[in-house]
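Q: Next comes the sequence, and after it the predicted model I'd like to discuss.
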Amino acid sequence: MKLHQPIKHSATAALAILFAILLGYVASAAAAMEEGEDPLVFIVAADMRKAATGGFSVVCEKIKEVGQGAFMISPGDLDADPPSAARDMIDQTIGEDYPWYPVLGNHDPESPSTMAYLRDYGMKVPNVVNRGPEGCEATTYSFDWGNNHFVVLNQYYDGVKDWGLEGFIVPKLMEWLESDLATNSKEHIFVFGHEPLVPMPDMDNGRIRHQGDALDEDPENAFAFYQILRKYDVHAYFCGHTHNTSYANINGLWQLDPGHSRGREESSYADRMYAAIQNALDAGRKRGEGEANSLKQLYRDDSYHIDRWFKYLGLKGQPVTQTLAQFFEEYRDDPDARDRYYERQIKGRGQTRSSFMRVIVGDDIKVEIYRDDARGGTYALRETVVLH
């Protein structure tokens, strides 16, 4: 028996060493998980509104294809019929368990049913660590995800109820924001609201909207908001409102606007022009008029929009009748003409491309910008921005 003791002790020692190694491995793996070594990925998509039942589906399908990450945040203007349309589309395309964080936009308070839905939904979103001040607890909150802190702001809160203002940070909300950021212990901070500090031009065609009609309408209030974000080292402020996709470093603070996620921003001016001409010709035939007279009458009836179409499509407005006829024939008979007119229209600032952002938070913070062709077509990665 004594001859076997050293072997027993040796085996026991080996097991102890192996157990210690395994413990060390588990501990290091747990520590790595706590430190969030795997990058956090999330999606930012906004301003889908009525397209939540249409063009937003293609956006969601592309998001699923490229990797939907942990969740999606939508910086406002989600008003649709039914109010749950955006959530329903996410359920159908990405999954019912995929978290979605809506942000109140300026159009949402126009619909009582949308406000009721967003209030109810806002009280159920996961990982909330801080609810907003009295009166907007459901539409202002902060939540944590790994080593990241996110703040969702209702910029239409008037200090009493959760709607009533046109893009302003009331003192009560400003105080709440500073208190929330002061108590945060997470490494990365992202803040979300609907209106930009300063509206920026679209990254492709340079169109600009809502200049002087966003937070910049009250520069002192916007600057006070900006100072709080800088004071607490907020990595980025995400907004919407403009329908333009842009990114800008504003004196050390990144502002990112994902633009709209509705496929076609609106019906094409080329489509509208073609339909208007077709209707005018049909009406003229019923009256027994020739095409030339019908086109002349169309211009007399709606010269403002036709001149606008000409401008956006890069067409020359003289002579009007011949130009309208030439456009009609090309658009009807030449498949390539539609693409040409769409591109002219985009350059003429008629529309901006549908877009979404995919944010990757790792050693660096990278923002992938996906855009379509402004005609509801395929989405492609257009640019990657590193937030230094």
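A: Here it is on my side, so go on. Since this is a predicted model, take the numbers as computed values, not measurements.

Q: any idea how far S354 lies from M200?
A: Distance, S354 to M200, by Cβ to Cβ, to the nearest Å: 17 Å. C-betas here are computed from N, CA, C, even on glycine.

Q: ditto for E266
A: For E266 relative to M200 (Cβ to Cβ), the value is 20 Å.

Q: Neighbour count: those two, which is higher?
A: Under the neighbour definition other Cβ atoms under 10 Å, E266 and M200 were set side by side, and M200 has more, 22 against 13.

Q: Quick check: the more buried one is in a strand.
A: No: with DSSP: H, G, I helix; E, B strand; the rest coil as the criterion, M200 is coil rather than part of a strand.

Q: Now do the contacts for the spatially closest residue to it that is not a sequence neighbour.
A: With sequence-adjacent residues excluded and distances taken as Cβ to Cβ, 6 or more residues apart in numbering, M200 is closest to S246, at 3.7 Å. Contact analysis of S246 by Cβ atoms under 8 Å, 6 or more residues apart in numbering lists M200, P201, D202, M203, Q255, L256, D257, G259.

Q: Can you classify S246 by secondary structure?
A: strand.

Q: what are the phi and psi angles of E195?
A: Torsion angles at E195 (phi, psi; degrees, to the nearest 10) stand at phi -100, psi 140.

Q: And it, what's its pLDDT?
A: If you check E195, the pLDDT there is 97.

Q: My read is that it contacts Q155, right?
A: Yes: with contact defined as Cβ atoms under 8 Å, E195 reaches Q155; the gap is 5.7 Å.

Q: Please enumerate the shared neighbours of the two.
A: Residues touching both E195 and Q155 by Cβ under 8 Å, 6+ apart: G167, L215.

Q: closest to E343 among the contacts of S246?
A: Here the nearest of the contacts of S246 to E343, counting by Cβ to Cβ, is D202; it sits at 14.8 Å.

Q: in which helix or strand would I find I73?
A: Here I73 sits within strand 71-74, counting by DSSP states H and E.

Q: What residues of the following helix or strand past that strand count as buried?
A: Once the chain leaves strand 71-74, the next helix or strand it forms, by DSSP H and E, is helix 85-93. Buried residues in helix 85-93, defined by neighbour count with 16 or more other Cβ atoms under 10 Å: A85, A86, R87, M89, I90, T93.

Q: got a markdown table for those residues, with pLDDT too?
A: A markdown table is the format used below for the buried residues of helix 85-93 (pLDDT from 0 to 100):
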| residue | pLDDT |
| --- | --- |
| A85 | 95 |
| A86 | 96 |
| R87 | 97 |
| M89 | 96 |
| I90 | 97 |
| T93 | 97 |
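
Q: Return the member of the residues you listed nearest to W145.
A: Among the buried residues of helix 85-93, and counting by Cβ to Cβ, the member closest to W145 is I90, at 17.4 Å.

Q: confidence score at V26?
A: pLDDT, read off for V26, is 36.

Q: Nearest residue to N184 in space, please, no chain neighbours.
A: H149 (4.7 Å).

Q: ok now do the closest residue to H243 other than its chain neighbours, which residues does it touch?
A: Nearest residue to H243, sequence neighbours excluded (Cβ to Cβ, 6+ apart): H260, at 4.4 Å. Applying Cβ under 8 Å, 6+ apart to H260 gives the contacts A46, D47, M48, A51, G240, H243, T352, S354, S355.

Q: Check the burial of the third one by counting its neighbours.
A: A count of neighbours around M48, defined by other Cβ under 10 Å, yields 28.

Q: Please look at it and G76 and confirm they touch.
A: No: applying Cβ under 8 Å, one finds M48 not in contact with G76, separated by 10.1 Å.

Q: ok so, going back, regarding the residue nearest to H243, what is its secondary structure?
A: Secondary structure, three-state DSSP: H260 is coil.

Q: So it versus R340, what's the distance?
A: From H260 to R340 the distance is 24 Å (Cβ to Cβ).

Q: cool, and D271?
A: Taking Cβ to Cβ, one finds D271 at 14 Å from R340.

Q: What of D88?
A: According to Cβ to Cβ, D88 stands 37 Å off from R340.

Q: hang on, the earlier thing: tell me the pLDDT at the residue nearest to M200?
A: Value for S246, per-residue pLDDT: 98.

Q: For it, which residues count as its bridge partners?
A: With DSSP bridges applied, S246 shows beta-bridge pairing to D257.

Q: could you check the distance from it over to V66?
A: From S246 to V66 the distance is 21 Å (Cβ to Cβ).

Q: now P335
A: On the measure of Cβ to Cβ, P335 and V66 end up 29 Å apart.

Q: one step back: which elements pack onto the strand holding I73?
A: Applying 3 or more Cβ pairs under 8 Å, 6 or more residues apart in numbering; DSSP states H and E, we find strand 71-74 packed against strand 40-44, strand 100-102.

Q: So for L313, which of those sits nearest?
A: L313 sits nearest to strand 40-44 of all these, at 31.8 Å, using Cβ to Cβ.

Q: who touches that closest one?
A: 63, 67-75, 145-146, 148, 238, 256, 258, 356-362.

Q: what's the answer for stretch 47-55, then?
A: Contacts of stretch 47-55 (Cβ under 8 Å, 6+ apart): 56, 59, 74-81, 85-86, 88-89, 105, 107, 240-241, 243, 259-264, 354, 376.

Q: out of those residues, which are buried?
A: Listed as buried from the contacts of stretch 47-55 are 56, 59, 74-80, 85-86, 89, 105, 107, 240-241, 243, 259-264, 354, 376; burial here means 16+ other Cβ under 10 Å.

Q: Strands along the stretch 151-300 of the chain, start to end?
A: Secondary structure of the stretch 151-300 of the chain by DSSP state E, counting those that start in this stretch: the strands cover 188-192, 236-238, 245-250, 253-258.

Q: could you dump those strands to a markdown table with distance to R382?
A: Conversion of the strands of the stretch 151-300 of the chain to a markdown table gives the following (distance: least, Cβ to Cβ, whole Å):
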| stretch | distance to R382 |
| --- | --- |
| strand 188-192 | 21 |
| strand 236-238 | 17 |
| strand 245-250 | 8 |
| strand 253-258 | 12 |
